[in-house]
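A.B. asks: show me the folded form of this:
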Amino acid sequence: MTTTRRLSLAYLALTAGVAVLFALNLFWGSVSLTPGAVAAALLGRGEDALAVGIVLQLRLPRAVMVVLLGAALSAAGYLLQTFFANPIAGPFVMGVSSGAKLAVALTMVVFLQQGLLTGSATLIIAAFAGSMAAMAFVLVVARRVPRMSILVICGIMIGYICSAITDFAVTFADDSNIVNLHNWSMGSFSGVSWDNVGTMTVVTVFCMVLTILLSKPMDAFRLGEVYAQSMGVNVKLFRVQLILLSSILSATVTAFAGPISFVGIAVPHLAKSLFHTSKPLFIIPASFLGGAVFCLFCDLLARTMFAPTELSIGSVTAVFGAPIVIWMMLHRDKKRQ
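C.D. replies: From the prediction side, this is the model:
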């Protein structure tokens, strides 16, 4: 099989996976709907007001958001893996998501106690500030530690500290709206509005385009800084671009859905295994599609497995993502031997 045909089939399989899982997310839930009822609601011909409301106001915006957030998470993971040259680097592991989570939680606590509402822009700005603060700490530590394994441990410790402070803020809150932050802090796609989808679409698409434009310097950078400089890449500027893009993507996901684990680590690795290449030009779009497939699948299980009780999306992604990461690390060790 030629390389072009293999890549085409892989992209086709991922696209089909997104389409099938997107449709299933519209059909299945605590209230099951027939394909005809869903199609009628989407085409504006639905006669059942309940079915139309479920599809257009609940499931459709949520499914679109899951696609966007899944793509953003996997892209953020790939950017961090490129920056640190480490396959287990990701927003959750490096503490970036936890920093964003802490900033968003504190912002919402302050705003709600003052009787103010938090808009999408406010949440994204707060999450970005938190993620950048966590990333700044990681970068400072990176200059002082000789081994990447120690840096990863430091990132995990940052995550624990930020999560502990967030839990304190949520636990001792009096306002019922603040107490409901507990579900968000565990990771959840529920409560998504079309306004949230619009904001997320603008941020995600903009960052995705910039990420794809960086595919050529990424290809040179993964072969070493010296080689990248010889190819005309401004390494310092390139590093800043990687950090900013990964932080914006991670922050946006955390602002709307809370911290979601293992997607940013597992999906890029699965994309490389499926496509049999590490070239960023192919892996970046594959990560977008793979992240959407992975999150659509996990969200479908989170909603339907114990319906009407909904599981946190972070728990489901951990169940499927953690074994992939373990297998990846074991497979990597075998190659070294």
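
A.B. asks: helix, strand or coil for S32?
C.D. replies: Put simply, S32 is coil when judged by DSSP: H, G, I helix; E, B strand; the rest coil.

A.B. asks: so which helix or strand takes in the nearest residue in space to H276 that is not next to it in sequence?
C.D. replies: Nearest residue to H276, sequence neighbours excluded (Cβ to Cβ, 6 or more residues apart in numbering): R6, at 7.0 Å. Just so you know, the C-beta spots here come from the backbone N, C-alpha and C atoms, and that holds for glycine as well. R6 is part of helix 3-27, with elements assigned from DSSP states H and E.

A.B. asks: just the buried residues of that helix, please?
C.D. replies: For helix 3-27, the neighbour count (16 or more other Cβ atoms under 10 Å) marks 7, 10-11, 14, 17-18, 21-22, 25-26 as buried.

A.B. asks: list the helices and strands it packs on?
C.D. replies: helix 35-42, helix 60-84, helix 263-275, helix 280-304 (3 or more Cβ pairs under 8 Å, 6 or more residues apart in numbering; DSSP states H and E).

A.B. asks: burial of the residue nearest to A37 when sequence neighbours are not counted, as a residue count?
C.D. replies: Spatial nearest neighbour of A37, chain neighbours left out: A51 (4.7 Å); criterion: Cβ to Cβ, 6+ apart. The burial count assigned to A51 is 18, neighbours taken as other Cβ atoms under 10 Å.

A.B. asks: any idea how far S30 is from A51?
C.D. replies: Per Cβ to Cβ, to the nearest Å, A51 is found 13 Å from S30.

A.B. asks: same check, this time on A266
C.D. replies: Going from A266 to S30 by Cβ to Cβ gives 28 Å.

A.B. asks: same check, this time on G232
C.D. replies: Remark: distance between G232 and S30 (Cβ to Cβ) = 56 Å.

A.B. asks: looking at those two, which is more packed in?
C.D. replies: S30 (11 against 8).

A.B. asks: contact partners of the host helix or strand of I153?
C.D. replies: Using DSSP H and E, I153 sits within helix 148-171. Around helix 148-171, the neighbours that count as contacts under Cβ atoms under 8 Å, 6 or more residues apart in numbering are 84-86, 88-89, 92-99, 101-102, 105-106, 109, 130, 134, 137-138, 141-142, 145, 178-179, 181-182, 185, 259.

A.B. asks: put the buried members of these into a ChimeraX selection.
C.D. replies: Written as a ChimeraX command, the selection of buried residues from these, which uses 16+ other Cβ under 10 Å, is:
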select :84,86,88,89,92,93,94,95,96,97,98,99,101,102,105,109,130,134,137,138,141,142,178,181,182,185,259
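
A.B. asks: can you tell me which helix or strand of the chain has the lowest average pLDDT?
C.D. replies: Scoring the helices and strands of the chain by mean pLDDT, DSSP states H and E places helix 176-179 at the bottom, with a mean of 56.

A.B. asks: just checking, next helix/strand downstream of the helix or strand hosting V209?
C.D. replies: V209 belongs to helix 194-213 when assigned by DSSP H and E. Counting by DSSP H and E, the next helix or strand C-terminal to helix 194-213 is helix 215-221.

A.B. asks: need the residues that contact that following helix.
C.D. replies: Contacts with helix 215-221, where a contact means Cβ under 8 Å, 6+ apart, come from 82, 227-228, 231, 233, 235, 238, 279-281, 284.

A.B. asks: now it: buried residues?
C.D. replies: Applying a neighbour-count criterion of 16+ other Cβ under 10 Å, one finds 217-221 buried in helix 215-221.

A.B. asks: which of these sits closest to V205?
C.D. replies: Among the buried residues of helix 215-221, M218 lies closest to V205 (Cβ to Cβ), at 19.1 Å.
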